[in-house]
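**Student:** model this:
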Amino acid sequence: MDGLRTRTRFAVLLAVALVAFLALSQEGGAQLGREGPPLSSVALLSRFALEQGLAAPSFAAEGAEPSAEAEGAAASEAVAAVVGRRDIKVNQDFSLRPQNETNIVVNPFSPNMLVAGANDYRLGAPIGAAFYTSFDGGFSWTDGVPPFPLFVVTTGATVKLTEPPFGTGDPVLAFGRARAGSPGLSAGNPVVYYAYLGVSANFCEHGIFVSRSTDGRLWSRPVVPPLAPPDGRFTPVFWNSARNCSVFNDKPWLAVDTSGGPHDGRVYVTWTRFVFNHNRFQESPILMAYSDDNGDTWTGPIEVSGFSPTLCRHQDSGPAGRCDESQFSSLVVGPDGAAYVAFINQQFRGANDGFRNQYLISRVDPDTLAVSGPFRAAGMIDGEGDFPVNALGQPTLCGANFRLNSAGNLAIAPDGSALYIVFMDNRNGSSFPFPTSVTQVPQDSFSCPEGTTTDTDVFIVKSSDGGETWSPSVRVNQDTPGNGRDQWFPFAAVAPNGRVDVVFYDRRDNPRLTHTYLARSSDGGLTWTDNRVSDAFSDMNRAFEGGLFIGDYNGMAIGPDGTSYPFWTDARTGTPLIRQSDVVVDIVAP
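**Tutor:** Okay, here's the model as predicted:
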């Protein structure tokens, strides 16, 4: 197939870039649409995005504002729905700039300490992957931005040190115990790691970085090669070619071995490597690297998305059966030290079903690094014809403007007896011949064609044999089936007693306004109860850039006592004038 068509399969998750960075390039870029890979928002700040024709357009023209009648109706309904639950604003800035894309962890060795991360736009340019730390169980927070990596531009034999303009994002955190061998860090001490993507706005240098902290407030600063030879410090991967924009490493995930075994304290990172050749998509396998010295140095990457002629039938380039059209990796480490990597892949039927995704999972032996699998966990109804699109050609929901993805995450029971994967799809909604656009005028309507509706639901699957076989999918949200109300962006965690929790966005209470819900299962995911945890509605069309970007995922952690901490992007403070969102946590007793 030609280059344009080949690249369309990755369009369903295209990211929205930040307006603050648009002025960094005078060369412009192609309109976002079906021609590009699903880069994260910070990735589209890079020279790579410009060179591949993926740079963001200006979003200055937002259209007409909603009528006074619509404003009043929305406000009245939102006020009526407040039930007095505790929502705690985590970001402590007063900049009226947005935060989104949340991740949170509890210190298992000191459960009153929580550390969270999000994309934080308080600085304008550059965007920072901010941290937020609580020492009282989530009731109060301090925040900041980890030190930006010490960055260079390399052109031929010339190496030049550079600082911002620069961007970091895609945050993910994990706790563990330190291994021996790092100066100033005692073996066995609790330590928290923060993985994120970092880009140069003007060149093609970029990398996946990991900062380390023992107190959640002071963080190590990554240093790239050749400033710290041979491979840098706190740098799992770094692309150092200023003018070669054919490779982009994106969408990191992080986990630490806490098994108590021989690899206890090992830090794993996975990510997607997008490769182009003369502006034509080539591949996007999932890679993994690990560190046995507390993040100081890292191994070379291994490919963990694997081979399967049965599951990855449709190959565009490279060896047959290679599962190299994958992304959104999620990573856990079992009590036996094995690493499990789940990811979505579009090669089962390819164009024959509109490039619908499947969830695959691989197992990595910690001793030999041998990769088992991938194994198929679930199929998903999330292809080109399963969603309407917004003005940028990205999948969205009826009544919405934000870009959408169907991925969730992989979670593991503490005793290793079960793996769970959550995801979202539109199997219960209408079909939308591509491209079916939501209405753009008047602003904030975003309606679908008459007689059609999205009805996305959250589903979960379970494996009790290390990921080799999986249960049929179970619907997690407990609203009336087929009601035309959407649930999306699920994130799962497992409590010490085996209870499974899933947080997700939900519009059961209003067709266009959003609440956050928490579902719980005490029987291994067979049956569920769910409850609203947000105090007030969010109008996501009043989040960043008219709702074009609300992050790519939500977050949640569960403490040793079973307390849950759902953590989400909340747009209740957004207005027609100030498009705003904050990051909010709720404390839910076990």
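
**Student:** Only C-alpha atoms from now on, for both contacts and neighbour counts.
**Tutor:** Fine.

**Student:** who's in contact with Asn541?
**Tutor:** 400-402, 444, 547-548 (C-alpha atoms under 8 Å, 6 or more residues apart in numbering).

**Student:** typo on my end, it should be Arg572
**Tutor:** Counted by C-alpha under 8 Å, 6+ apart, Arg572 has contacts 536-539, 581.

**Student:** Quickly note the distance from it to Arg376.
**Tutor:** 39 Å (C-alpha to C-alpha, to the nearest Å).

**Student:** Just to check, Phe109 is in contact with Asn189?
**Tutor:** No: look at Phe109 against Asn189 with C-alpha atoms under 8 Å: they stay out of range, at 9.4 Å.

**Student:** Give me the common contacts of these two.
**Tutor:** By C-alpha under 8 Å, 6+ apart, no residue touches both Phe109 and Asn189.

**Student:** And Tyr517, how close does it get to Val474?
**Tutor:** 17 Å.

**Student:** higher neighbour count, those two?
**Tutor:** Tyr517 (20 against 16; other C-alpha atoms under 10 Å).

**Student:** what about the more buried one, is that helix, strand or coil?
**Tutor:** strand (DSSP: H, G, I helix; E, B strand; the rest coil).

**Student:** How about the one 10 residues further on?
**Tutor:** For Thr527, the reduced secondary structure class is coil; criterion used: three-state DSSP.

**Student:** Could you measure from it over to Val533?
**Tutor:** 19 Å.

**Student:** Compare those two (neighbour count), which wins?
**Tutor:** Between Thr527 and Val533, counted using other C-alpha under 10 Å, the more crowded position is Val533 (22 against 14).

**Student:** how close does the spatially closest residue to the more buried one that is not a sequence neighbour get to Leu44?
**Tutor:** Setting aside the residues directly before and after it, Val533 is nearest to Tyr517 in space (C-alpha to C-alpha, 6 or more residues apart in numbering), at 5.4 Å. In this view, Tyr517 and Leu44 are 31 Å apart by C-alpha to C-alpha.

**Student:** now do Thr297
**Tutor:** 27 Å.

**Student:** Comparing these two, which shows the higher neighbour count?
**Tutor:** Between Thr297 and Leu44, counted using other C-alpha under 10 Å, the more crowded position is Leu44 (24 against 17).

**Student:** so Ser40 makes contact with Lys251?
**Tutor:** Yes: using C-alpha under 8 Å, Ser40 is in contact with Lys251, at 6.7 Å.

**Student:** hey, what's in contact with both of these two?
**Tutor:** Asp170.

**Student:** quick one, what contacts Val224?
**Tutor:** 149-152, 231-233, 235, 238 are the contacts of Val224 under C-alpha under 8 Å, 6+ apart.

**Student:** got it, and Cys398?
**Tutor:** Applying C-alpha under 8 Å, 6+ apart, one finds that Cys398 lies in contact with 388, 438, 446-448, 453-454.

**Student:** run the last query once more with 7 Å
**Tutor:** 438, 446-448, 453-454 (C-alpha atoms under 7 Å, 6 or more residues apart in numbering).

**Student:** Check the gap between Thr133 and Arg363 for me.
**Tutor:** Thr133 is 32 Å from Arg363, by C-alpha to C-alpha.

**Student:** tell me the contacts of the closest residue to Ala495 other than its chain neighbours?
**Tutor:** The shortest distance from Ala495 to any non-neighbouring residue, by C-alpha to C-alpha, 6+ apart, is to Gly562 (5.5 Å). With contacts defined as C-alpha under 7 Å, 6+ apart, Gly562 is in contact with 495-496, 590.

**Student:** closest to Leu185 among those?
**Tutor:** If you rank these by distance to Leu185 using C-alpha to C-alpha, Pro496 comes first, at 28.5 Å.

**Student:** Which strand or helix spans the closest one?
**Tutor:** Under DSSP states H and E, no helix or strand contains Pro496.

**Student:** Burial check on it, number of neighbours?
**Tutor:** Residues near Pro496, counting by other C-alpha under 10 Å: 15.

**Student:** The residue nearest to Pro414 when sequence neighbours are not counted and Thr563, how far apart?
**Tutor:** Of all residues not flanking Pro414 in the chain, Pro496 sits nearest, at 6.0 Å (C-alpha to C-alpha, 6+ apart). Pro496 sits 10 Å away from Thr563, taking C-alpha to C-alpha as the criterion.

**Student:** got it, and Ser317?
**Tutor:** For Ser317, the distance to Thr563 - C-alpha to C-alpha - is 47 Å.

**Student:** just for the chain, where's the confidence low?
**Tutor:** 1-37, 45, 54-85, 125-126, 163-165 (pLDDT under 70).

**Student:** re earlier: who has more neighbours, Ser317 and Thr563?
**Tutor:** Taking other C-alpha under 10 Å, Ser317 and Thr563 do not tie; Thr563 has more neighbours (16 against 11).

**Student:** Can you name the residues that contact that one?
**Tutor:** 587-590.

**Student:** follow-up on the earlier one: looking at the contacts of Val224, which is nearest Leu577?
**Tutor:** Pro149 (34.5 Å).

**Student:** right, and the closest one touches Ser220 too?
**Tutor:** No: assessed by C-alpha atoms under 7 Å, Pro149 is found out of contact with Ser220, at 9.2 Å.

**Student:** Please say which of those two ends up with more neighbours.
**Tutor:** Set side by side, Pro149 and Ser220 show more neighbours around Pro149, with 24 against 20, by other C-alpha under 10 Å.

**Student:** And the more buried one, how far from Gly562?
**Tutor:** Relative to Gly562, and taking C-alpha to C-alpha, Pro149 is found at 36 Å.

**Student:** now swap in Gly482 and tell me
**Tutor:** 33 Å.

**Student:** With Pro236 instead?
**Tutor:** Using C-alpha to C-alpha, we find Pro236 at a distance of 33 Å from Gly562.

**Student:** before we move on, back to that, okay if I get the contacts of Val224 as CSV plus distance to Ala195 and secondary structure?
**Tutor:** Output for those, formatted as CSV (distance: C-alpha to C-alpha, whole Å; DSSP: H, G, I helix; E, B strand; the rest coil):
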residue, distance to Ala195, secondary structure
Pro149, 12, coil
Leu150, 15, strand
Phe151, 16, strand
Val152, 19, strand
Asp231, 17, coil
Gly232, 15, coil
Arg233, 13, strand
Thr235, 9, coil
Phe238, 13, strand
